[in-house]
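>>> Generate a structure from the sequence data that follows.
(2 chains)
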Amino acid sequence: MLTILFDGVAYGMLLFILAVGLCVTLGLMNFVNLAHGAFAMAGGYLTVIMMNRMGISFWWCLPAAFIFSALLGAFLERTLYRRLYDKSHLDQVLFSIGLIFMSMAAVDYFMGATQQIVNLPPYLTGRIEIFGAQVGVYRLFVIAVCGVLAIGLQFIIARTRFGSQLRASVDDGRVARGLGIDVTRIFSLTFAVGSGLAGLGGALGASILSMDPFFPLKYMIYFLIVIAVGGATTITGPFFASLLLGIADVGGKYFVPVIGGFIIYTIMVAVLIFRPEGLFTRGKRR
Amino acid sequence: MLRRDLLKGAATAAIAIAAGLPATVALAQQQTVKVGFIGALTGPQAASGRQMANAIRLYQQLNGDTVAGKKIEVIFRDDTGVADQTRRIAQELIVNEKVAFLAGFSLTPLALAVAPVITQAKTPAIIMTAGTSVITERSPYFARVSFTLPQQTMPMAEWAAKNGIKTVVTLVSDYGPGLDSEKAFFEKFTELGGKVVAQLKAPLANPDFAPFLQRAADAKPDAIFLFVPGPTAGPLMRQVVDRGLTKGGIKIIGPGDITEDEQLVSMDDSVVGTITSHFYSVLHDSPLNKKFVAEYKKANNGARPNFIGVGGWDGMHAIYEALKKTNGDTNGDKLMAALKGLEWESPRGKMSIDANTRDVVQDVYIRRVERKDGELYNVEFDVVRQVKDPYHK
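Numbers count the residues shown, from 1 in each chain, chains lettered A, B, ... in the order given. Sure, this is the predicted structure:
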């Protein structure tokens, strides 16, 4: 029983780590960045190359995935994304979908279509017993990372000067600029951090999900469910939404396997009908 | 001046084309037999399409491209794994290119989509990958050189029943081949006195197998029978081992798709000990297979061939042999007659195309995953000779 709860939490955290970068770009910056999965894939493939081909330790791969995806994000923000901030959401969707297809073709060309599996170091595999429940070591690690990320990001957004500047820039860029906030720089930086987090998510998720060129499309639905249920204005919203979805999904599949696969979607539909702004949002946006 | 030159040039070209082209066309019609390959060369199934295409090229490279005095030309077309495309390309190849054979087909729906087309055109189609039993019954012009899922699964059930496995939990992906595989295992295993204590089905899009594996573990079976599509197998196996199921003495069994050779290279020691039944392992001990594997690796940057590649190789072999038998005649009915009952030595071992069902008959091996010379392999240790698909009447 406790094991199932833990598995639910672990799955929820997996969803969160995949979606956290999107919380930043879609949630905080209000840019519909469907190409989020492409940045996650960049981080995931970097991990695959570094670990499996070059034999570099897993611990170096995580920061490397973050930095690599962040740089990639910064570059694309400068060259492409910046032009679309003022455009309608539909334009942003079309643009980022196009980016997904290009990223898939590029990965397919350079890395091939076969599945790439990340093999974790032995001390991160296996299980330990906590309070009589069997707990996977790697899952515990993912949960810990997610906890730290959620608290850290929420702190930055809600309590720091940078956070308030960012919120101001998103809510009304013109006024913010008038107050002397360097909106362009803040957006670049935030987008880079969002992409970096996506890359980190890809790197952490790679060993559970494995990497192939279809990653950005295959898991897009999961990123979006988390944001839809959690609401996009905070980091804690998606965090609790991931927990809820993870526990409901794992519990459902365990106890009522016949309908288990539908539960995650049922929750999403219900939330979209009754609270379209997300379960965990305070007040209205704009 | 310039204009006159241009005109003159055009006139010369026109004369040259008028004089030269009919002759070459006539020559080509006499001497070339076209084979239309349709496979997923891009898209989610790209890995399978490329295996087939690589093996076909390799076969032609090693065996020449002339049979019965005719040049064999393979036209490679990509259907991206979408059935509508497969059908459209098949029509195009038959009508415009006048191909004598179609070949390839990465997935069952793709093969089924061309059934009406080939029946009408009387064009033989060689199935190199797709593995649902029913395909060959849908058109008398299908012949299969790959495998069928029940053919691969039943020997596993027999082996399990004979080797002290009494209770099994089956866990399959909830889609056609998964259900076929579950059914075949259930029927054979219960017939032989075994007990299937739970039949679990996971959705096809399912990143986390935790709840299913926990249920499987709770049932405390002797073995868990797994079947998921190739790309899901790696992550699933890792979760199975992380959950400590194998340490608790539960055996992992299934059809060989879950430890497919090309994918196996990137897995880790967690899969060692998995027992599967399948028709092909790169480690199969025969001179022909050693040559096939070595040449395939040489031509493809050291990548391993897998069962799909072998399907491509054997499909090409069947086409060559059928043309030899008809002495180059490309009449569809004569070619089908030549394909029926064809027997040959494949890298996988001895195989044939059943004269009645046009389906593949072959040895199915029981293998265990082991590490040899630093790499993971499926090591064959038992065999069931000349298995037919049990569902064909």
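
>>> Give me the nearest residue to whichever residue of the stretch 51-200 of chain A sits closest to chain B, chain neighbours excluded.
Minimum separation of the stretch 51-200 of chain A from chain B (Cβ to the nearest Cβ) falls at residue A:113, amounting to 3.6 Å. Where C-beta positions appear, they are placed from N, C-alpha and C, glycine not excepted. Nearest non-adjacent residue to residue A:113, counting by Cβ to Cβ, 6 or more residues apart in numbering or on different chains: residue B:46, 3.6 Å away.

>>> my read: that neighbour touches residue A:115, true?
No: contact between residue B:46 and residue A:115 fails when scored by Cβ atoms under 8 Å: they sit 11.2 Å apart.

>>> ok so, going back, who's in contact with the residue of the stretch 51-200 of chain A closest to chain B?
Residues near residue A:113 by Cβ atoms under 8 Å, 6 or more residues apart in numbering or on different chains: A:212, A:213, B:42, B:44, B:46, B:47, B:50.

>>> hmm, 10 Å instead?
If a contact means Cβ atoms under 10 Å, 6 or more residues apart in numbering or on different chains, then residue A:113 has A:104, A:107, A:212-214, B:40-50, B:231 as its contacts.

>>> Which stretches in the stretch 151-300 of chain B count as strands?
B:167-173, B:195-202, B:223-227, B:251-255, B:275-278 (DSSP state E, counting those that start in this stretch).

>>> Of those strands, give the one that comes closest to chain A.
Across these, closest to chain A is strand B:195-202 (Cβ to the nearest Cβ), at 6.4 Å.

>>> Spell out which parts of the stretch 101-250 of chain A neighbour chain B.
Within the stretch 101-250 of chain A, the residues that sit near chain B (Cβ under 10 Å from any Cβ of the partner chain) are A:104-105, A:108, A:112-120, A:122, A:124-127, A:134, A:136-139, A:205-210, A:212-214, A:217-219, A:221-222, A:246, A:249-250.

>>> which of those count as buried?
Neighbour-count burial (16 or more other Cβ atoms under 10 Å in any protein chain shown) is assigned, among these, to A:104, A:108, A:112-120, A:124-127, A:134, A:136-139, A:205-210, A:212-214, A:217-219, A:222, A:246, A:249-250.

>>> Domains of chain B: list them as residue ranges, please.
Split into domains by automatic domain parsing, chain B comes to B:29-147+B:285-358, B:150-278+B:365-387.

>>> For residue B:121, give me its contacts.
With Cβ under 10 Å, 6+ apart, residue B:121 has these contacts: B:90, B:91, B:93, B:94, B:95, B:98, B:99, B:102, B:114, B:141, B:332.

>>> Could you check how far it is from residue B:100?
11 Å (Cβ to Cβ, to the nearest Å).

>>> Give the pairing partners of the strand or helix carrying residue B:378; include direction for each.
In this assignment (DSSP states H and E), residue B:378 forms part of strand B:375-387. Strand B:375-387 has its sheet partners listed here by DSSP bridges as strand B:360-372 (antiparallel).

>>> quick one: the partner strand to strand B:251-255, angle?
Counting by axes from the mean of the first three to the mean of the last three Cα atoms, to 10 degrees, strand B:360-372 lies at 140 degrees to strand B:251-255.

>>> How many residues are close by residue B:70?
Neighbourhood size, residue B:70 [other Cβ atoms under 10 Å in any protein chain shown]: 18.

>>> Wait, it touches residue B:31, no?
Yes: contact criterion Cβ atoms under 10 Å: residue B:70 and residue B:31 qualify, at 5.6 Å.

>>> Overlap in contacts, the two.
residue B:328.

>>> Residue B:215 reaches residue B:201, doesn't it?
No: in this structure residue B:215 lies outside contact range of residue B:201 using Cβ under 10 Å: 11.2 Å.

>>> Could you tell me which residues touch both of these two?
Contacts common to residue B:215 and residue B:201, judged by Cβ under 10 Å, 6+ apart, are A:257, B:171.

>>> And what about the residue nearest to the spatial centre of chain B, helix, strand or coil?
Computing the C-alpha centroid of chain B and ranking residues by Cα atoms, centre = their mean puts residue B:129 first, at 2.3 Å. Secondary structure, DSSP: H, G, I helix; E, B strand; the rest coil: residue B:129 is coil.

>>> can you pull the buried residues of the strand holding residue B:378?
B:376, B:377, B:378, B:379, B:380, B:382, B:384, B:387.

>>> Skipping its backbone neighbours, what lies nearest the fourth one in space?
Nearest in space to residue B:379, with sequence neighbours left out and distances taken as Cβ to Cβ, 6+ apart, is residue B:370 at 4.8 Å.

>>> Give me the distance between the one you found and residue B:191.
According to Cβ to Cβ, residue B:370 and residue B:191 sit 30 Å apart.

>>> go on, residue B:45?
34 Å.

>>> same deal with residue B:97?
The spacing between residue B:97 and residue B:191, counted by Cβ to Cβ, is 48 Å.

>>> Skipping its backbone neighbours, what lies nearest residue A:8 in space?
Of all residues not flanking residue A:8 in the chain, residue A:247 sits nearest, at 3.4 Å (Cβ to Cβ, 6+ apart).

>>> returning to that earlier point: alpha carbons of the strand holding residue B:378, as PDB, please.
Below are the C-alpha coordinates for strand B:375-387, written out as PDB (Å, rounded to 0.1, in the frame of the first residue of the first chain):
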ATOM      1  CA  GLU B 375      28.300  -7.400 -25.200                       C
ATOM      2  CA  LEU B 376      24.900  -8.700 -24.400                       C
ATOM      3  CA  TYR B 377      23.500 -11.500 -26.600                       C
ATOM      4  CA  ASN B 378      20.600 -13.800 -26.800                       C
ATOM      5  CA  VAL B 379      22.300 -17.200 -26.400                       C
ATOM      6  CA  GLU B 380      20.300 -20.100 -27.900                       C
ATOM      7  CA  PHE B 381      20.100 -23.200 -25.700                       C
ATOM      8  CA  ASP B 382      17.000 -25.100 -26.900                       C
ATOM      9  CA  VAL B 383      15.000 -25.300 -30.100                       C
ATOM     10  CA  VAL B 384      11.600 -26.300 -31.400                       C
ATOM     11  CA  ARG B 385      12.000 -27.500 -35.000                       C
ATOM     12  CA  GLN B 386      10.000 -26.200 -37.900                       C
ATOM     13  CA  VAL B 387       7.100 -24.400 -36.200                       C
END
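
>>> avg pLDDT for that strand?
For strand B:375-387, the mean per-residue pLDDT is 92.

>>> Same check on stretch A:44-63?
Averaging pLDDT along stretch A:44-63 yields 88.

>>> mind listing what's buried in that stretch?
In stretch A:44-63, counting by 16+ other Cβ under 10 Å, buried: A:44, A:45, A:46, A:47, A:48, A:49, A:50, A:51, A:52, A:58, A:61, A:62.

>>> ok, the fifth one touching residue A:211?
It stands for residue A:48. Yes: if you go by Cβ under 10 Å, residue A:48 and residue A:211 touch, sitting 5.6 Å apart.

>>> Between those two, which contacts overlap?
The contact lists of residue A:48 and residue A:211 share A:111, A:116, A:117, A:118, A:202, A:203, where a contact means Cβ under 10 Å, 6+ apart.

>>> just curious, which of those residues is nearest to residue A:33?
Nearest to residue A:33 among the shared contacts of residue A:48 and residue A:211: residue A:202, at 14.4 Å, using Cβ to Cβ.

>>> Following element in sequence after the helix or strand containing the closest one, please.
Using DSSP H and E, the element containing residue A:202 is helix A:183-209. Remark: after helix A:183-209, the chain's next helix or strand is helix A:215-218, criterion DSSP H and E.
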